[in-house]
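[1] return a 3D structure for these sequence lines:
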Amino acid sequence: MKIRAAVLNRPGAEPPYAVSQPLRIETLELDEPGRGELLVKIAAAGLCHSDLSVINGDRPRPMPMALGHESAGVVAALGEDVTDLAVGDHVVMVFMPSCGHCLSCAEGRPALCEPGAVANGAGTLLSGKRRLHCDGAEINHHLGVSGFAEYAVVSRRSVVKIDKDLPLDEAALFGCAVLTGVGAVVNTARLQAGQSAAVIGLGGVGLSSVLGAVASGARQVVAIDLSDDKLGLARQLGASHTVNARDTDAAEQVRALTGGGVDFAFEMAGAVRAMELAFKITRRGGTTVTAGLPPPSAALPVPLVQLVAEERTLKGSYIGTCVPARDIPRYVALYRAGRLPVDRLMSGKLTLDQINEGFDRLHEGKAVRQVIEFSA
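    Residues are numbered from 1 along each chain as shown. Sure thing, here's the model as predicted:
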C-alpha cells in the first residue's frame with residue numbers, strides 16, 4: 001500500500017528546520033505484515049528528543065529512515081501467527097521490541113532485549129526485515145516503529161493493547177515519555193514514600209519523572225531546568241521546589257533546600273553538564289539515575305573515591321526499566337485515577353506537514369510534547 005511518511009535522508013541539517021527541511025514527507029510503499037507482525041493505522045505520534053537526536057546527528061542511524069517512535073493507533077491487519085489481537089484493537093507502540101527468549105528477556109528485563117537492540121541499530125523490524133520502500137530502495141525503520149506515517153507495519157512484540165476509551169493522542173505519550181520518565185522513578189530507582197528527588201531536564205520524559213515522584217509520595221521533588229516556563233509547569237504538576245540551572249549556585253541551592261542533597265537525582269537532559277549537576281546534588285549514600293541520551297562520545301568524569309567513601313550509586317535507565325505489558329496498563333490506570341496527569345504535558349497538535357516546524361520548537365525548548373494527529 002502507498003503511505004505518506006516523514007523521511008530523514010541525511011542527518012545534521014542546520015536549524016531552523018522549517019527552512020532546511022530535514023524531514024521530507026514522501027510517498028512510500030508499505031508491505032503487508034509478515035509472520036508475527038501487524039499493520040497499524042497511526043492515530044497520533046509525539047515529537048521526542050530521541051527523534052531530534054537522529055535529525056541533528058547525535059544518534060547515528062542508518063539512512064534513509066522513516067522517523068517516529070512514540071505513537072498509538074488502531075490495528076488494521078494481522079500477519080500470520082498474531083492470534084491475541086484483533087482488527088480494530090487500539091495499541092501503543094513501544095520503541096524496544098522484546099523477543100521473549102534472550103537472556104535479558106528471560107531475566108524479566110525486556111528493555112534490554114538483545115535481538116531488539118540489534119534490530120533497532122540496523123533499522124529493521126525484530127524479524128530483520130524492512131517493510132518500507134521508495135522507488136525500489138529499502139527505507140529503514142526507526143526503533144521498530146516509524147510512527148510519523150499514516151500506517152506502520154510493526155512486530156507484535158512492539159505493541160501493547162489498550163482500552164478503546166483512552167484518547168489515542170494521549171495514549172501515544174505512554175509509549176515513550178511516560179514509560180521512560182515514570183519508570184525511571186518507580187522501576188529503576190524504586191523511590192519510596194518519604195524520600196526526596198530532583199529531576200534535571202523538564203521535557204516530556206523529565207516532567208513524567210516529576211509526576212512519578214509525586215505519585216510515589218516523595219517528600220520533596222526539586223525540578224531543575226533552563227526554562228522558567230517549564231519550571232512553572234513543574235510546580236503546577238506537584239514539584240515542591242524549582243531551581244533554574246542557569247544559576248551559578250544551582251547545586252548549592254538544591255543542597256540547601258534538601259539538607260545536603262537528594263536521595264535520588266534523575267538526569268533527563270542528555271547532557272554532560274546536567275549529569276555533573278545531578279551527581280553533585282545527590283546526597284551521601286544516594287543514587288544518581290540517568291535516562292538522558294547524549295552523543296556516544298560524551299563522557300562523565302567521576303571522582304572514584306567519592307563512589308566508595310560515600311557509597312554512591314550511578315544507574316542507567318532505558319525505557320524506564322520497563323515491562324511494557326505490565327507497566328503501560330498500570331500507568332494508564334494511575335492517569336485515570338488523576339495521579340498521573342499526563343495530558344498536562346501536551347504542548348500542541350500538529351499535522352504531518354508541520355513536522356519540521358514542530359522540531360524547531362522542540363530544539364528551542366519551547367515545547368514539552370507536541371503530537372501529530374492523523375485524520376481518521
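
[2] tell me, what residue is most central in the protein?
    C176 (3.3 Å; Cα atoms, centre = their mean).

[3] list the contacts for that one?
    Contact analysis of C176 by Cβ atoms under 8 Å, 6 or more residues apart in numbering lists G46, C48, S50, H69, E70, F95, G204, V205, I319. No exception for glycine: its C-beta is placed from N, CA and C like everyone else's.

[4] by neighbours, which of those residues wins?
    V205 (33 neighbours; other Cβ atoms under 10 Å).

[5] now the nearest residue to it once chain neighbours are set aside, what are its backbone angles?
    The spatially closest residue to V205, leaving aside those adjacent along the chain, is G181, at 4.2 Å (Cβ to Cβ, 6 or more residues apart in numbering). The phi/psi pair for G181 (degrees, to the nearest 10) reads phi -70, psi -50.

[6] ok, G181 - how many residues close by?
    Per other Cβ under 10 Å, the neighbour tally for G181 reads 31.

[7] my guess is it meets G204, correct?
    Yes. Counting by Cβ atoms under 8 Å, G204 is a contact partner of G181 at 7.2 Å.

[8] identify each buried residue in stretch 189-200, please.
    A189, L191, Q195, S196, A197, A198, V199, I200 (16 or more other Cβ atoms under 10 Å).

[9] so P329: helix, strand or coil?
    helix (DSSP: H, G, I helix; E, B strand; the rest coil).

[10] for the protein, which residues score under the pLDDT cut-off?
    376 (pLDDT under 70).

[11] re the thing from before, show me the contacts of C176 that map onto strands.
    G46, E70 (DSSP state E).

[12] rewinding a little: mind listing what the residue nearest to V205 touches?
    So, once contact is read as Cβ under 8 Å, 6+ apart, G181 ends up touching G204, V205, G206, L207, S208, S209, V210, L211, G212, M268, A291, G320.

[13] can you list the residues you listed in TSV and add distance to M65?
    Converted to TSV, the contacts of G181 look like this (distance: Cβ to Cβ, whole Å):
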residue	distance to M65
G204	21
V205	21
G206	26
L207	27
S208	25
S209	28
V210	31
L211	31
G212	31
M268	24
A291	23
G320	24
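
[14] ranges for the helices of the stretch 1-150 of the chain?
    Counting by DSSP state H, counting those that start in this stretch, the stretch 1-150 of the chain has helices at residues 17-20, 49-55, 103-106, 114-122.

[15] out of the ones you listed, nearest to Q236?
    Q236 sits nearest to helix 49-55 of all these, at 21.6 Å, using Cβ to Cβ.

[16] count of residues packed around R336?
    Using other Cβ under 10 Å, R336 has 12 other residues around it.

[17] the nearest residue to D247 once chain neighbours are set aside: which element?
    Nearest-residue entry for D247: Q253, 6.5 Å, with adjacent residues in sequence omitted and distances by Cβ to Cβ, 6+ apart. If you go by DSSP states H and E, Q253 is part of helix 250-258.

[18] with the buried residues of stretch 189-200 in mind, which one is nearest to I42?
    Closest to I42 out of the buried residues of stretch 189-200 is V199 (29.9 Å), distances taken as Cβ to Cβ.

[19] how far away is the closest one from P294?
    Here the distance between V199 and P294 works out to 17 Å (Cβ to Cβ, to the nearest Å).

[20] hmm, back to that, just name the closest of the contacts of G181 to S155, please.
    Once Cβ to Cβ is applied, the member of the contacts of G181 that ends up nearest S155 is G320, at 19.9 Å.

[21] ok, the closest one - contacts?
    Counting by Cβ under 8 Å, 6+ apart, G320 touches A111, L179, T180, G181, V182, G183, A184, V186, N187, T188, A291, D327.
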